[in-house]
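Q: I would like the atomic coordinates for the input below:
(one chain, ligands or ions: 1)
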Amino acid sequence: MRLLLRTIKPYKALVAATLAALLLDVAGTLYVPTMLAGMINQGVTSGNTDFIIGQGLKMLVACCCASGGALLGNYLCARLASYVGRDIRNAVYDASLTYSGGDFEEFGTGSMITRTLNDVNVIQQTVMLAAQAMLPVPIICVMGTVLSFRVDAQMGAMMLAVVSVVMVFAVIAVRRAAPIFEKMQGFIDRMNVVLRENIIGVRVIRAFGKERHEEGRMGRVFTDYADAAIKVNWIFAGVDCFSFCLMNIAEVLLMWLGGNRVGAHAMEIGNISAVVEYAMLIMFYIMMAQFVALMVPRAIVCLQRCAEVIEKKPSILDGTGSAPLAPGSNGEAATAGEAAVAGEVTVTDEDGAFNASLSDTAPVATFDHVSFRFPDADEDTLHDIDFSCRRGQTTAIIGSTGSGKSTIAKMLLRLHDVTEGSVRFSGVDVRSMTQHDLRERIAYVPQKAWLFSGTIASNLRDGRADATEAEMRHALDVAQSDFVWGLPERLDAPVAQGGTNFSGGQRQRLAIARALMKHADLYIFDDSFSALDFKTDAALRRALKPETRNAAVLIIAQRINTILHADQIVVLKDGRIVGKGTHKELMEGCEVYREIAESQMKGGE
Ligand SMILES: Nc1ncnc2c1ncn2[C@@H]1O[C@H](COP(=O)(O)OP(=O)(O)OP(=O)(O)O)[C@@H](O)[C@H]1O
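A: Got it, this is the predicted structure:
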């Protein structure tokens, strides 16, 4: 609830205007039966046509005011609800952007989507309906009851009794439905997870003939949700039936009592219609509020779920420092001519002041005795990792599956923080830099080349927003993406979500071109050449050399061919470095490396 109040706070004026409009609606609605009673009592019984017309006109004005109030109130409610929905959705999304990989996994992708879309929708709808249907209820109950007592105390008492029964019934129904609604939100999470898995993994499901099994899994999830929804609908239907039944009973009772009172000359005949109208109005509003009240527990659950995301403290927080800049780095155009290719280069900080002096082989990224453990793991994934990626040099990491290669890349990007030791960027601990500053200076090609829906050009501009066409062409040429020139739309060729309309190798090359758009201090290629044939792999690495000579390059690979000429090769086994050196040195002194090399050269496993 704190989240809702916090979100509504900036819209105080809108809330006040909404309340005023709804009040006008209620006042107009309640005024009509009072005038009707007067019309019958004084006009109809005495045949005073002028009075009847006068009252009729007043009733028309009251109706117009009530309708205007209702119209304006509903419009303002919808506006308020959409602002609340928008602000909570933005807050959830903004919070999720600050999360590390581990933070995100705590919720899971399916749940994050449900929270951002479905949960916020439920909150938005409930805010709108609650403002429309629940806010007027206390006003109409109090005013209606007071007016009924003013007409006739006995009639007022009977109306109060009937209204009390309806209210008690409404509270019972809401309390029974609330836990079912809570469960339903969990079922929506599960449906999201299973659906995502089925849609993304549809080819695997077909390839393994698992359609029946998956159908069963989906069926169970859908059935759970449907069962819960049916239970809630039963309650709704019961509430509906009972409330209408009560309304009719109330009308009969009030008519009966009113008739007796009129017969006993204790009350005028027009007052019967006024009290019946008040009772009907009150019960109608309670019924409407009751349906909305059934949604409130669900909305509260949704609010809690959104608040969990918004209020979660990210495990990776920004530092305040920044690492020294090298000429041509951090967004400045770095041409081969600009690059200092030999000896010492002087680096300056953002104010242009002298900062440090880095040689062309100065470490850009350093792992200083780093150990790392995933939050949910029992043991370290990386143990005592110690190496540097130097400017102007290519460092390669090789190792068996699961040895921790990608984890090293993610630690450089600060998607995870070290458990022990430190990762330094240009000599500065990455924990004391802002994440934005750090990532601005790294170009990363992930293991799974992911492209965004749009065009080839829009994807390349993700690397650098102001890239010219010539720069994009150059990056594509370096990345050996000649296939782009064979497409009818060339740079404007459409890209499907994830880049699924391109082959694995094409996707990898486009992802490499996107990374090259950025003039970075460190280029990380995480198994980014694996889908390329040997010839393209070699041509690409040759073309990359002059592009990256003012930067450090880190290549993670499974194929020896890809890393053969690296200045330094780091061999990983079970998260530990078991060898470090050039290909030649490792062939002589590192058994693990030799085994990998020999198995690939023989074409073995
Ligand atoms: N989010 C995670 N939570 C827990 N353990 C993880 C997580 N991600 C990876 N691991 C574990 O960390 C280890 C290293 O994973 P990593 O992806 O770095 O290996 P890799 O060497 O890049 O493997 P591959 O060559 O298959 O890509 C693996 O044993 C993996 O199971």
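
Q: what parts of the stretch 251-400 of the chain come near the ligand?
A: Residues of the stretch 251-400 of the chain lying near the ligand by C-beta under 6 Å from any ligand atom: 374, 376-377, 381, 399. (Glycine included, C-beta is placed from N, CA and C.)

Q: those into CSV, with extra columns for neighbour count?
A: As requested, these are arranged in CSV below (neighbours: other C-beta atoms under 10 Å):
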residue, neighbour count
374, 15
376, 8
377, 9
381, 18
399, 25
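
Q: just flag the most distant two among the residues you listed.
A: 376 and 399 (22.5 Å; C-beta to C-beta).

Q: of the residues of the stretch 251-400 of the chain next to the ligand, which one scores lowest on pLDDT?
A: Checking pLDDT across those, the minimum falls on residue 376 at 77.

Q: element containing that residue?
A: Per DSSP states H and E, residue 376 falls between elements, in no helix or strand.

Q: now it. Its backbone dihedrals?
A: Here is the backbone geometry of residue 376 (degrees, to the nearest 10): phi -100, psi 10.

Q: got it, and residue 395?
A: Torsion angles, degrees, to the nearest 10, at residue 395: phi -110, psi 140.

Q: tell me, how many residues neighbour it?
A: The local packing of residue 395 (other C-beta atoms under 10 Å) involves 24 other residues.

Q: for residue 545, same thing?
A: Neighbours around residue 545, by other C-beta under 10 Å: 12.

Q: so for the helix or strand where residue 110 lies, what's the average pLDDT?
A: Element membership for residue 110, per DSSP H and E: helix 109-114. Mean per-residue pLDDT for helix 109-114: 81.

Q: how far is that helix from where the chain is centred?
A: Relative to its parent chain, helix 109-114 has a centroid offset of 7 Å by C-alpha atoms, centre = their mean, to the nearest Å.

Q: checking residue 424 next. Helix, strand or coil?
A: Here residue 424 takes the strand state, with states given by DSSP: H, G, I helix; E, B strand; the rest coil.

Q: which other helices and strands contact the lengthiest helix in the chain?
A: Longest helix in the chain, counting residues (DSSP state H): helix 211-263. Packing partners of helix 211-263 (3 or more C-beta pairs under 8 Å, 6 or more residues apart in numbering; DSSP states H and E): helix 153-200, helix 269-311.

Q: sec struct for whatever residue of the stretch 201-350 of the chain ends up closest to the ligand, please.
A: Nearest residue of the stretch 201-350 of the chain to the ligand: residue 315, at 12.7 Å (C-beta to the nearest ligand atom). Three-state call for residue 315 (three-state DSSP): coil.

Q: got it, and residue 365?
A: strand.

Q: so what's it up against?
A: For residue 365, the residues meeting the contact criterion (C-beta atoms under 8 Å, 6 or more residues apart in numbering) are 388-389, 412, 423-425, 522, 552, 554.

Q: what's the closest of these to residue 302?
A: Closest to residue 302, out of all of the contacts of residue 365 and judged by C-beta to C-beta, is residue 412, at 37.4 Å.

Q: can you count the residues close to residue 195?
A: So residue 195, with other C-beta under 10 Å, has 15 neighbours.

Q: enumerate the residues of this structure near the ligand.
A: Residues of the chain lying near the ligand (C-beta under 6 Å from any ligand atom): 105, 374, 376-377, 381, 399, 401-407, 447.

Q: need the max-distance pair from the residues you listed.
A: 105 and 399, at 23.4 Å, using C-beta to C-beta across those.

Q: now residue 575. Nearest residue, chain neighbours left out?
A: Using C-beta to C-beta, 6 or more residues apart in numbering and skipping residues adjacent in sequence, the residue nearest residue 575 is residue 404, 4.2 Å away.

Q: can you pull the contacts of that neighbour?
A: Here residue 404 is in contact with 381-382, 385, 572, 574-575 (criterion: C-beta under 8 Å, 6+ apart).

Q: how close does the closest residue to the ligand within the stretch 151-300 of the chain get to residue 95?
A: Of all residues in the stretch 151-300 of the chain, residue 193 sits closest to the ligand, at 16.5 Å by C-beta to the nearest ligand atom. Going from residue 193 to residue 95 by C-beta to C-beta, to the nearest Å gives 20 Å.
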